[in-house]
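**Q** got a predicted model here, sequence first, then my questions.
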Amino acid sequence: AYTTLNSHQVDLYLSVYPAKDSVPYPRYKMNKITVVTGYNALSENIERYYRDTTTTDYKDIFITRGRDHFLRSTAIYRPNLMRKGAYFSDYVLSRTYQNYSNLGAVKQVSIVTRPSPQDSLRLMDATITLIPANPHWFRANIDGTNSAGDIGIAPSVSYQHQNIFNGAEQLNIQLKGAYEFITGNKSSSLGSNYYELGGEVSLTFPQFVFPYLKKSWRERPNASTKVS
């Protein structure tokens with residue numbers, strides 16, 4: 001850093017030295033991409049998992065499955081933005097993390113990249129591990145109401161299946177009710193107690209489900225379609 005300009009300014013020169021005996025900072029291309037699904041290190045032995053696994057090649061992505069086939073190949077391929085032959089990108093890596101984390105069927109995501117043993121200078125391998133979440137989710141709730149002195153209760157129960165068709169689809173079922181004790185003249189209609197019953201069923205797909213859409217739109221990882 002040179003400070004002899006006498007103008008409250010500094011000329012700064014930065015030299016970045018490459019590692020010895022290597023190509024200076026090469027751009028890596030993705031080579032082998034492996035997705036390991038259904039393995040949970042907290043509840044399953046790694047040797048037992050790989051004893052019962054099968055590996056399939058789906059659009060240049062090797063998918064290794066255990067006994068729990070909790071996601072279809074299309075649901076695994078769509079959130080993954082890393083492609084064989086494309087340059088490695090930290091932005092693509094972060095987006096892939098985010099896309100998998102947004103799936104309710106996935107509890108945890110791990111992505112490990114390392115130089116490929118085929119060509120450690122220019123090729124990069126990636127291993128994506130997807131740990132399944134508990135597909136069932138249940139909640140019960142009860143509220144108290146007070147409308148102009150009339151007391152009531154409003155119970156509700158909700159159930160959600162986060163992977164109903166093994167494609168990260170979410171099924172939601174909600175039942176709710178309300179009962180209000182009306183104070184007043186019992187001989188009139190204003191003195192009657194009121195109750196309300198209701199329910200809602202919805203199914204959410206992690207993609208655009210619409211006819212005549214081009215393939216690039218249907219495979220957008222941040223798209224969803226909800227029918228209720």
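**A** Cool, got the structure.
**Q** go ahead and report the secondary structure state at Pro79.
**A** Under DSSP: H, G, I helix; E, B strand; the rest coil, the three-state class of Pro79 is coil.
**Q** burial check on it, number of neighbours?
**A** 25 (other Cβ atoms under 10 Å). C-beta: built from backbone N, CA, C; applies to glycine.
**Q** touching, it and Ala105? I think so.
**A** No. Look at Pro79 against Ala105 with Cβ atoms under 8 Å: they stay out of range, at 10.9 Å.
**Q** residues contacting Tyr194?
**A** Residues near Tyr194 by Cβ atoms under 8 Å, 6 or more residues apart in numbering: 179-180, 182.
**Q** can you check Gly144 too?
**A** With Cβ under 8 Å, 6+ apart, Gly144 has these contacts: 151-154.
**Q** buried among those? Make that a ChimeraX selection.
**A** This is the ChimeraX syntax for the buried subset of those, where burial follows 16 or more other Cβ atoms under 10 Å:
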select :152
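**Q** which one of the contacts of Gly144 is nearest Ala86?
**A** Top of the list for closeness to Ala86, among the contacts of Gly144 and by Cβ to Cβ, is Ala154 at 53.0 Å.
**Q** who does the closest one bridge with?
**A** Asp143 (DSSP bridges).
**Q** now do Arg65
**A** According to DSSP bridges, beta-bridge pairing links Arg65 with Thr37, Thr54.
**Q** what's the neighbour count on it?
**A** 21.
**Q** give the full set of residues in contact with it.
**A** 37-38, 53-56.
**Q** the protein: strands as residue ranges?
**A** Along the chain, the stretches classed as strands by DSSP state E are 29-37, 54-58, 61-65, 106-115, 123-132, 136-147, 150-161, 170-180, 194-205, 225-227.
**Q** can you redo those strands as CSV with mean pLDDT and distance to Tyr17?
**A** Formatted as CSV, those follow (pLDDT from 0 to 100; distance: least, Cβ to Cβ, whole Å):
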stretch, mean pLDDT, distance to Tyr17
strand 29-37, 92, 24
strand 54-58, 88, 41
strand 61-65, 91, 37
strand 106-115, 91, 20
strand 123-132, 91, 23
strand 136-147, 89, 53
strand 150-161, 91, 55
strand 170-180, 93, 52
strand 194-205, 93, 52
strand 225-227, 92, 52
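**Q** tell me which of those strands lies nearest to Leu93.
**A** strand 106-115 (6.3 Å).
**Q** centre of the chain to the closest one, how far?
**A** Chain-centre distance of strand 106-115: 13 Å, with Cα atoms, centre = their mean, to the nearest Å.
**Q** which strands and helices lie in contact with that strand?
**A** With contacts taken as 3 or more Cβ pairs under 8 Å, 6 or more residues apart in numbering; DSSP states H and E, strand 106-115 sits against helix 90-101, strand 123-132.
**Q** which one of the ones you listed is the most hemmed in?
**A** Stretch with highest mean neighbour count among the helices and strands packed on strand 106-115: strand 123-132 (a mean of 20; mean count of other Cβ atoms under 10 Å).
**Q** show the backbone phi and psi for Tyr13.
**A** phi -120, psi 130 (degrees, to the nearest 10).
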